[in-house]
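Asks: need the 3D shape of this:
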Amino acid sequence: MTTLASGTDTLTRDALTVLQPGFPGTTAPDWLLRRLGEGLASVGLFGRNIASPDQLSSLTAQLRSERDDVLVAIDEEGGDVTRLEARTGSSFPGNHALGAVDDVNLTREVAHELGRRLAACGVNLNWAPSADVNSNPSNPVIGVRSFGADPELVARHTAAYVTGLQSAGVAACTKHFPGHGDTAVDSHHALPRIDADSPVLERRELLPFRAAIAAGTRAVMSAHILVPTLDPDRPATLSLSILTDLLRGRLGYDGLIVTDGMEMQAIAATYGIERGSVLAIAAGADAICVGGGLADDETVRRLRDALVGAVRSGELPEERLAEAAERVRGLAQWTASGAAASTPAEGSASMASTASTAEVTRVDIGLVAARRALTVTGADDFTPLTEPPYVALLTPVANIAVGDETPWGVAAELAHRLPGTETAGFAGEDAGDAVLKAAGTRRIVVVVRDEHRHPWMAATLDTLLAARPDTVVVEMGVPQAPPRGALHIATHGAARVCGHAAAEVIAGT
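Replies: Next up is the predicted model:
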C-alpha cells in the first residue's frame, strides 16, 4: 500500500483517532506526541511504561501537554494482572478473590480505590473488569481474572466494579465480549472457539455484560473468539452480527467498543493487523487496541493508512469511521469533564460493618479484601510456624496477560515474619524430589497455581506429602483440586496482598 501523507484532513484524523497504540519507555516518544497533534486521541500503557506513581503522573502530564483530553488507558485489573504495580505485585486482590468473598460493597470499594489511584496518576480508562464467567476450569487465560463460575455472581460483581471504578472518574472497559470464560485456548496464541447454543450464551456469557451495561459501563472490549452460534465465520472482534446486531442492537449498548489487542495471534496470524483493524471498525468497533507487543510509529502509520485506504476503496464506509472516531472523542470529553470524579462509591458507607476491622482506610482496603477471601483448611490442628521454612514455588508457564515480570507467592511476606526463609522455583516431573533435596530438614511451604490444570504439579504434591505430611500448601490459582496438606490455604489469586494474607496465617500473625 502506498504511504499516505500525514496531513490533518478529516479522514486521516479520524483514522488516527480510532487507534489506541502502546509505546516503549517511561516518557512519551516524539513520534507519539506528534501523532497526538495530528488526531490520535488514545494511548495504552503497560508495565514497561511505569516505574513509579510520580513518573506515571509526569508521563500523563506530558501526554496532556500535547492533547488535554487524551484517553490514557491501562490494563489494571488488580490481582494477577497489574501494570501499576508490575514490579511488586498488586495492592488489590483480583476478581476471583472478590467473588469468593461475594460482598458487592467490598468489590465496589476496591474498584473505587483502584480507580482513585489511577486517576491520581492521570489514567482515565481502565481495560477492566473481566466479566467472563469461568465456566471451563481448564481455561488457560481467564482463571482468577474471573469473579467465578456462577453467571449471577459474576454479573453482580461486574456491575459493582463498574460503578466503583467510574465513581473515581475512570472509565470502565468491561471485557471480553461476548465472554471468554468457556475456552481452552489462549487467544494470545490462537483463535479459541465456544460451541454453546443461544440459550446457554444468554444465561451464562451475556448476563454479566447486560449487568455492566445497566451499570453504565463507558466501554466494552471485544474478544478474539469464534462463537459459531452467533457468527460461524468471524471472531467477535470482526463480527457485525456480534458487535452491531447483538451488542448494539439486542443489548442496547451505545458506548465505546474497544478491540482486544490486535497483535494477538487470534487476529494477527489469521487476518493480519491491518486487515483485521479494517474489519473490526466495519463490524462496529470504535477503537483499535494495539501495542502490547507492537509499539512504534510504523505500526500506527500502517494502521492509519489501512483505514484511510479502505474508506477510499469503498470497503469501509466513511460514516462508520467517523462514527467510531466521534465515540472516542465523546469518551475523552467525559473523562476530561470530571463528570464522575470524586463521587463516593455507592454502598461504601457499609464497608466498615462488613470488613474484619473496625475502621477501614483507603490504604488497606486491598489487604482487608485479601484476608476475607482466604479459604483455610486444617487450621484447627495447625501450629503456626516459628522457624524459617523452605518455600517451593511450583511455577507454570506464564499467562501472557499476567506476564512473568510480576512477583508472586508467599516467600517475601514470610521472610518479613520469619527471617531466614528461603525459596526457589520448580517445574516438571522431577520437581518433588528436587524440592525435598533443596529443603533438607526445613519445614516445606509449597505454593501452586491451578494445581488441577497441571498434572506435574499434582504429582509433585503427592511426592511431597508422602515424604513430609506436615507440608503447608498454598493454592494461588483457582482452587479446583481438593485441599490437602497439614494446612491448605486458597487465596483465590496471586496478588501481593494475597501472599501477605496467607503468610499471616502460616506465621500466626
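
Asks: got the contact list for Pro419?
Replies: By CB atoms under 8 Å, 6 or more residues apart in numbering, the contact set of Pro419 is Pro388. Every C-beta, even on glycine, is put in place using the N, C-alpha and C of the backbone.

Asks: how much space between it and Gly79?
Replies: Distance, Pro419 to Gly79, using CB to CB, to the nearest Å: 28 Å.

Asks: same question for Ala184.
Replies: Computed as CB to CB, the Ala184 to Gly79 distance reads 22 Å.

Asks: quick one: which of these two has more around it?
Replies: Using other CB atoms under 10 Å as the criterion, Ala184 and Gly79 rank with Gly79 on top: 30 against 13.

Asks: my guess is the more buried one contacts Gly94, does it?
Replies: Yes: if you go by CB atoms under 8 Å, Gly79 and Gly94 touch, sitting 1.7 Å apart.

Asks: residue ranges of the strands in this protein, please?
Replies: Using DSSP state E, the strands found in the chain span residues 19-21, 42-45, 71-74, 125-126, 171-177, 219-222, 256-258, 288-290, 375-377, 390-394, 422-426, 444-448, 472-475, 487-490.

Asks: possible to save these as JSON lines with distance to Gln55, mean neighbour count and mean pLDDT?
Replies: Formatted as JSON lines, these follow (distance: least, CB to CB, whole Å; neighbours: other CB atoms under 10 Å; pLDDT from 0 to 100):
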{"stretch": "strand 19-21", "distance to Gln55": "20", "mean neighbour count": "25", "mean pLDDT": "96"}
{"stretch": "strand 42-45", "distance to Gln55": "11", "mean neighbour count": "26", "mean pLDDT": "96"}
{"stretch": "strand 71-74", "distance to Gln55": "14", "mean neighbour count": "25", "mean pLDDT": "97"}
{"stretch": "strand 125-126", "distance to Gln55": "19", "mean neighbour count": "29", "mean pLDDT": "98"}
{"stretch": "strand 171-177", "distance to Gln55": "23", "mean neighbour count": "27", "mean pLDDT": "97"}
{"stretch": "strand 219-222", "distance to Gln55": "26", "mean neighbour count": "26", "mean pLDDT": "97"}
{"stretch": "strand 256-258", "distance to Gln55": "25", "mean neighbour count": "27", "mean pLDDT": "98"}
{"stretch": "strand 288-290", "distance to Gln55": "23", "mean neighbour count": "28", "mean pLDDT": "94"}
{"stretch": "strand 375-377", "distance to Gln55": "37", "mean neighbour count": "15", "mean pLDDT": "98"}
{"stretch": "strand 390-394", "distance to Gln55": "29", "mean neighbour count": "25", "mean pLDDT": "97"}
{"stretch": "strand 422-426", "distance to Gln55": "29", "mean neighbour count": "16", "mean pLDDT": "96"}
{"stretch": "strand 444-448", "distance to Gln55": "31", "mean neighbour count": "26", "mean pLDDT": "98"}
{"stretch": "strand 472-475", "distance to Gln55": "33", "mean neighbour count": "26", "mean pLDDT": "98"}
{"stretch": "strand 487-490", "distance to Gln55": "35", "mean neighbour count": "24", "mean pLDDT": "98"}
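
Asks: can I get these in JSON lines including distance to Tyr161?
Replies: Shown next, in JSON lines, are those (distance: least, CB to CB, whole Å):
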{"stretch": "strand 19-21", "distance to Tyr161": "21"}
{"stretch": "strand 42-45", "distance to Tyr161": "20"}
{"stretch": "strand 71-74", "distance to Tyr161": "15"}
{"stretch": "strand 125-126", "distance to Tyr161": "10"}
{"stretch": "strand 171-177", "distance to Tyr161": "7"}
{"stretch": "strand 219-222", "distance to Tyr161": "13"}
{"stretch": "strand 256-258", "distance to Tyr161": "17"}
{"stretch": "strand 288-290", "distance to Tyr161": "20"}
{"stretch": "strand 375-377", "distance to Tyr161": "21"}
{"stretch": "strand 390-394", "distance to Tyr161": "29"}
{"stretch": "strand 422-426", "distance to Tyr161": "32"}
{"stretch": "strand 444-448", "distance to Tyr161": "27"}
{"stretch": "strand 472-475", "distance to Tyr161": "24"}
{"stretch": "strand 487-490", "distance to Tyr161": "21"}
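
Asks: so what's the spatially most central residue of the chain up against?
Replies: Nearest to the geometric centre of the chain sits Glu77, at 4.1 Å (CA atoms, centre = their mean). Listed by CB under 8 Å, 6+ apart, the contact partners of Glu77 are 94-95, 127-130, 145.

Asks: could you redo the last one with a cut-off of 7 Å?
Replies: Contacts for Glu77 (CB atoms under 7 Å, 6 or more residues apart in numbering) come out as 94-95, 128-130, 145.

Asks: and which of these is nearest Arg108?
Replies: Minimum distance to Arg108 across these is 11.3 Å, recorded for Pro129 (CB to CB).
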